[in-house]
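[1] What follows is a predicted structure for the sequence shown.
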Amino acid sequence: MQARMTNPAFVLPDGMKGIGAIFKAIGQGGISQELQEIAALRVSQINGCSACVHAHTQALVKAGESIERIAAVAAWREAPFFTDAERAALEMAEEVTRLADRSGEAVSDELWDRVADHYDEKQIAALLLLISITNLFNRLNAAIKEPAGASWN
């Protein structure tokens, strides 16, 4: 399989500069790389982005994450492998990704409070930026048919 085109973020260099700034900000937010990868994996699973599912899975394997946790991300509610803090972040990732599926608020006050029980404002900001940038890349990759296993410079 081949992508229809080069990822638009690389075609337009100023776009990548902005994206790079967002990733830099996420890195300054104080959430672990492991949490970033787990949350981004869940977002990518929801969106059906094979390229990103593959990339986040590979990053988790490389970081030494257990196969049990990686395999259970899609079913995190029923799996015993996640902390309460991770569960709150995964639920936030799902809610923010599934905006079109909501019948009420995008993020309920109850969920917000659960997230805020575990993360400070900078960490929540980083988590929200991570979820958003992952959704951006999922949509770009879906549109251009980026195959799993693709590498980015």
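    Sure thing, it's come through.

[2] residue contacts, residue 108?
    residue 95 (CB atoms under 8 Å, 6 or more residues apart in numbering). (Each C-beta comes from the backbone N, C-alpha and C, glycine too.)

[3] begin at 351 from here
    Understood, numbering begins at 351; the last thing we discussed is residue 458.

[4] Need the pLDDT of it.
    pLDDT for residue 458: 93.

[5] now it: how far from residue 442?
    Applying CB to CB, to the nearest Å, the value for residue 458 to residue 442 is 10 Å.

[6] What of residue 373?
    19 Å.

[7] For these two, indicate the residue with more neighbours.
    Legend: neighbour count by other CB atoms under 10 Å for residue 373 and residue 442, higher for residue 442 (23 against 14).

[8] Grab the nearest non-local neighbour of that one.
    Leaving aside its sequence neighbours, residue 442 sits nearest to residue 465 (CB to CB, 6 or more residues apart in numbering; 5.3 Å).
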